[in-house]
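# sequence below, structure please.
(one chain, ligands or ions: 3)
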Amino acid sequence: MHLPSSDWSYSSLISFCCLFWRVSGSNPSLNSRPNIVLFMADDLGIGDLGCYGNNTMSTPNIDSLAREGVQLTQHLAAASMCSPSRAAFLTGRYPIRSGMSSSFNMNRDLLWLGGSGGLPTNETTFAKLLQQRGYKTGLIGKWHQGLSCASRNDHCYHPLNHGFDYFFGMPFSLLNECQATKTPEMHRALRIKLWISSVALGIVPILLLIPIFAGWFKIPWTVVIITALVAILFFASWYSSYGFIRHWNCILMRNHEIIQQPMKEEKVNSLILKEALSFVEKYKRGPFLLFMSFLHVHTPLVTKEKFVGRSKYGLYGDNVEEMDWMVGKILDVINKEYLRNSTLVYFTSDHGGRLESQEGESKLGGWNGLYKGGKGMGGWEGGIRVPGIFRWPTIIPPGRVIKDPTSLMDIYPTLSYVAGAMLPQDRVIDGKNLMPLLEGRVSHSGHEFLFHYCGIYLHAVRWHQKDCDTVWKVHYVTPKFQPEEGRACYWSGLCPCSGDVNYHDPPLLFDISRDPSEDHLLTPDNEGLYEAVIKRIETAVKEHRQTLMPVPQQFSVFNTIWKPWLQPCCGTFPFCGCDKEDDTLPTGL
Ligand SMILES: *[C@@H]1O[C@H](CO)[C@@H](O)[C@H](O)[C@H]1NC(C)=O
Ligand SMILES: *[C@@H]1O[C@H](CO)[C@@H](O)[C@H](O)[C@H]1NC(C)=O
Ligand SMILES: *[C@@H]1O[C@H](CO)[C@@H](O)[C@H](O)[C@H]1NC(C)=O
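Ligands and ions are numbered 1, 2, ... in the order given. Sure, this is the predicted structure:
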């Protein structure tokens, strides 16, 4: 076993330079820029797919991508929650660099479409790089990177301000509350009654103020405050039970226009597929970038009747299989238009499956295979190890499986390279160009260390030791499971990043190249290996921390609370609502 030595960093520097020159030298061999189709699932577990070893789930289309392309088995999300993971994906940088990671356990994702946080406008997404290189860029599906900064219609964080030429989908995220059946539409008469009673209740504390200010008689302030609180609570509770969240967060947009508020969730997936197919048809002369950001397989698992009951795993399995069918439909149009050889296709999930998603006995969340933990946990493998598949016939040799650690952040420099774009020079990019690895020209991705954050807190670090194939992983912080013997946070629904967690000093060490389930703890030994590894990683953490700059926090309490003046609204606020979508669908969708 090689131990880190003092001249070790010199040799790694030299080999890095060689790699760099080789890569840039081979650039001209790409004589044309490919079309790019990125599939991203929401909350899908790595163990849900046939090609990752699930022999009872039917995902033939995604499996065919893996067979015809390269399959990554140690592909890692930069965060285990949607908004930060997607921010890192779009920018090639750890979410902490853009302020897209949270210091609070309560708001680890953007919580309201009417909040003021989002992917900062001075971040440069891969869509923007490709747009500048003449690509037609489209985002279809979920965004969840914020919408407006200071006023309802400024749309500062909108996809169209982040390099996309076309957007169709949900600016927020699919939520349980988006389902009409869970939150019945309010009857008009009932709505009027409730408005009147809330206003009446709201007037009481104001009436109470009159005698105080007029000096007629004394009423204790606590009484006024309590009545006001009761009024607010009443308003909030009826409103939330009658579609508050659905009304404000579940909306459908085409470019800057709201086309459904609230969204009709039973048709949305068909509309998304229709849009994706027509995007390919429209821009088939290329080059185009289509980012197909699925609403699948997030709860409430909206699934077409045709697929309900098809899988062996209830509604969750049905939803996965429907998503696979949609992938197939898009691959079909690529084939039909003879674009197969000139299109780079990628498939991934934003993070691991959510173990706490259950309704009674039935499992509504993903399966993370042999990996421990899931969504919301920053360090354990199950929250961050996701599918990663690349297909580009004639360029990427088919049928290979690559075990080297890679990151979703790598998509950024990889796309920049294949499109012949320039990476921004004024900031740190954490991703690596994967083309040399995918083409089989090198055997390592170039990632030596990967830092695994939970919010802004560093929970774990992975070290791929250069001279051998060992991948070490240390955990400084791990979640406290509830109940203790469980493997997730069933009581709270989501594991916290700080506070009620386990701090490890000395840290936990695993050799995940031999123990991917993180079951066999390595302890200090006679040879001093444990100490040497921990020390080398500590130095890397120090160096990494020196590259972090303070930036505005997008998930601060102020940024995440709902602000009526930022709420996108179809109509006159607060009477928002519309349905402008012609939802007739071609047969077969
Ligand atoms: C396949 O996926 C389902 C659904 O998530 C899961 O319940 C099952 O355990 C998986 N099977 C295998 C062999 O991984
Ligand atoms: C794609 O490339 C393969 C291998 O070079 C070739 O046999 C095939 O005809 C190409 N297909 C198209 C549609 O160009
Ligand atoms: C974006 O702006 C913020 C706030 O002014 C600044 O801290 C940050 O460094 C900027 N980011 C980039 C990539 O320029």
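
# only C-alpha atoms from now on, for both contacts and neighbour counts.
Will do.

# quick one: Leu295 from Leu175, how far?
Separation of Leu295 from Leu175 (C-alpha to C-alpha, to the nearest Å) stands at 10 Å.

# so for these two, which sits in the more crowded spot?
Neighbour tally, Leu295 and Leu175, criterion other C-alpha atoms under 10 Å: the higher count belongs to Leu295, 27 against 16.

# tell me which element the more buried one falls in.
Using DSSP states H and E, Leu295 sits in no helix or strand.

# and Leu315, how many neighbours?
24.

# and the residue in the stretch 301-450 of the chain that ligand 3 sits nearest to, how far from Ala79?
Distances between the stretch 301-450 of the chain and ligand 3 by C-alpha to the nearest ligand atom are smallest at Arg427, namely 5.8 Å. Look at Arg427 and Ala79: by C-alpha to C-alpha, they are 20 Å apart.

# go on, Arg93?
11 Å.

# next: Asp511.
Counting by C-alpha to C-alpha, the gap from Asp511 to Ala79 is 21 Å.

# excluding chain neighbours, what is closest to Ser83?
In this structure, Ser83 finds its nearest non-sequential neighbour in Asp109, 5.3 Å apart by C-alpha to C-alpha, 6 or more residues apart in numbering.

# just checking, the one you found touches Cys82?
Yes. If you go by C-alpha atoms under 8 Å, Asp109 and Cys82 touch, sitting 6.5 Å apart.

# between Arg427 and Ala79, which has more neighbouring residues?
Remark: of Arg427 and Ala79, Ala79 carries more neighbours, 33 against 11, as counted by other C-alpha under 10 Å.

# give me the number of residues near the residue of the stretch 451-589 of the chain found nearest ligand 2?
Relative to ligand 2, the nearest point of the stretch 451-589 of the chain is Gly588 (25.0 Å; C-alpha to the nearest ligand atom). Close neighbours of Gly588, defined as other C-alpha under 10 Å, add up to 6.

# pretty sure the residue nearest to Ser83 sits in a helix.
No. Counting by DSSP: H, G, I helix; E, B strand; the rest coil, Asp109 falls outside a helix, being coil.

# contacts only, for the closest residue to Ile396 other than its chain neighbours.
Spatial nearest neighbour of Ile396, chain neighbours left out: Glu439 (4.9 Å); criterion: C-alpha to C-alpha, 6+ apart. Applying C-alpha atoms under 8 Å, 6 or more residues apart in numbering, we find Glu439 in contact with 395-397.

# by neighbours, which of those residues wins?
Ile396 (20 neighbours).

# that one sits in which helix or strand?
Using DSSP H and E, Ile396 falls outside every helix and strand.

# same thing with Lys375?
Per DSSP H and E, there is no helix or strand for Lys375.

# could you report the neighbour count for it?
31.

# in this structure it contacts Ser349, no?
No. With contact defined as C-alpha under 8 Å, Lys375 and Ser349 do not form a contacting pair (11.2 Å).

# what touches both of the two?
Asp43.

# give me the distance between Leu521 and Leu529.
13 Å.

# isn't Val442 right next to Pro436, touching?
Yes. Between Val442 and Pro436 there is a contact under C-alpha under 8 Å: 5.7 Å.

# can you pull the pLDDT of the residue nearest to Ile396?
At Glu439, the pLDDT value in this model is 97.

# for Ala421, give me the pLDDT.
Reported pLDDT for Ala421: 96.

# now for it, how many residues are close by?
Number of residues near Ala421 (other C-alpha under 10 Å) recorded here: 17.

# over to Glu485?
Neighbours of Glu485 (other C-alpha under 10 Å): 8.

# shaky segments in the protein?
By pLDDT under 70, the weakly predicted segments of the chain are 1-31, 182-191, 193-194, 237-242.

# what residues does this protein have near ligand 3?
Proximity of the chain to ligand 3, by C-alpha under 6 Å from any ligand atom, involves residues 122-123, 427, 551.

# right, and the pair among those with maximum separation?
Arg427 and Val551 (12.6 Å; C-alpha to C-alpha).

# Leu521 and Leu529: who's more crowded?
Neighbours were counted for Leu521 and for Leu529 using other C-alpha under 10 Å; Leu529 has more, 17 against 10.

# endpoints of stretch 377-391, how far apart?
Using C-alpha to C-alpha, the two ends of stretch 377-391 sit 30 Å apart.

# in that stretch, what counts as buried?
377-391 (16 or more other C-alpha atoms under 10 Å).

# quick check, it touching ligand 1?
No. Stretch 377-391 lies out of reach of ligand 1 by C-alpha under 6 Å from any ligand atom, never closer than 12.9 Å.

# distance from that stretch to the middle of the chain?
When C-alpha coordinates are averaged (C-alpha atoms, centre = their mean, to the nearest Å), stretch 377-391 and its chain have centres 11 Å apart.

# going forward can the numbers begin at 219, since that is how I track them
Right, with 219 as the first residue, what we last looked at is stretch 595-609.

# what about that stretch, near ligand 2?
No. Stretch 595-609 lies apart from ligand 2 when judged by C-alpha under 6 Å from any ligand atom; the minimum separation is 12.4 Å.

# three-state assignment of the residue of the stretch 519-668 of the chain closest to ligand 3?
Arg645 ends up coil, using three-state DSSP.

# and if you look at Trp681?
strand.

# same question for Val751.
helix.

# quick check: phi and psi on the most centrally placed residue in the chain?
Compute the mean C-alpha point of the chain, and by C-alpha atoms, centre = their mean the closest residue is Cys300, 3.1 Å away. The phi and psi values for Cys300, taken as degrees, to the nearest 10, are phi -60, psi -60.

# which of Val660 and Pro654 has more residues huddled nearby?
Between Val660 and Pro654, counting by other C-alpha under 10 Å, Pro654 is the more crowded of the two (18 against 15).

# after the helix or strand that one falls within, next one along is what?
Following DSSP H and E, the helix or strand that holds Pro654 is helix 653-656. With elements assigned by DSSP H and E, the helix or strand that comes after helix 653-656 is strand 667-672.

# so Met510 makes contact with Thr355?
No. At 10.9 Å, Met510 does not count as touching Thr355 under the criterion of C-alpha under 8 Å.

# show me what from the stretch 469-618 of the chain comes close to ligand 1.
Within the stretch 469-618 of the chain, the positions near ligand 1 by C-alpha under 6 Å from any ligand atom are 531, 535, 584-585, 587.

# in CSV, list those residues along with distance to Thr624 and neighbour count.
CSV is the format used below for those (distance: C-alpha to C-alpha, whole Å; neighbours: other C-alpha atoms under 10 Å):
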residue, distance to Thr624, neighbour count
Tyr531, 30, 16
Gly535, 27, 26
Gly584, 21, 26
Trp585, 21, 23
Gly587, 18, 20
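
# closest one of the residues you listed to Met318?
Gly584 (24.4 Å).

# residue contacts, that closest one?
Contact partners of Gly584, counting by C-alpha under 8 Å, 6+ apart, are 261-266, 534, 570-573.

# the stretch 469-618 of the chain: strands as residue ranges?
Ranges of strands within the stretch 469-618 of the chain are 470-472, 475-479, 506-511, 561-567, 576-577, 580-581, 603-609, 618-620, based on DSSP state E, counting those that start in this stretch.

# just name the most buried of these.
strand 603-609 (a mean of 28; mean count of other C-alpha atoms under 10 Å).

# so the closest residue to Thr624 other than its chain neighbours is in which element?
Excluding its sequence neighbours, the residue lying closest to Thr624 (C-alpha to C-alpha, 6+ apart) is His293, at 4.8 Å. Using DSSP H and E, His293 sits within strand 288-294.

# next one: phi and psi at Asp729?
phi -100, psi 90.

# quick one: contacts for the spatially closest residue to it that is not a sequence neighbour?
Distances taken as C-alpha to C-alpha, 6+ apart place Trp690 nearest to Asp729, at 4.6 Å, with adjacent residues excluded. Trp690 is in contact with 680-683, 727-731, 751, counting by C-alpha under 8 Å, 6+ apart.
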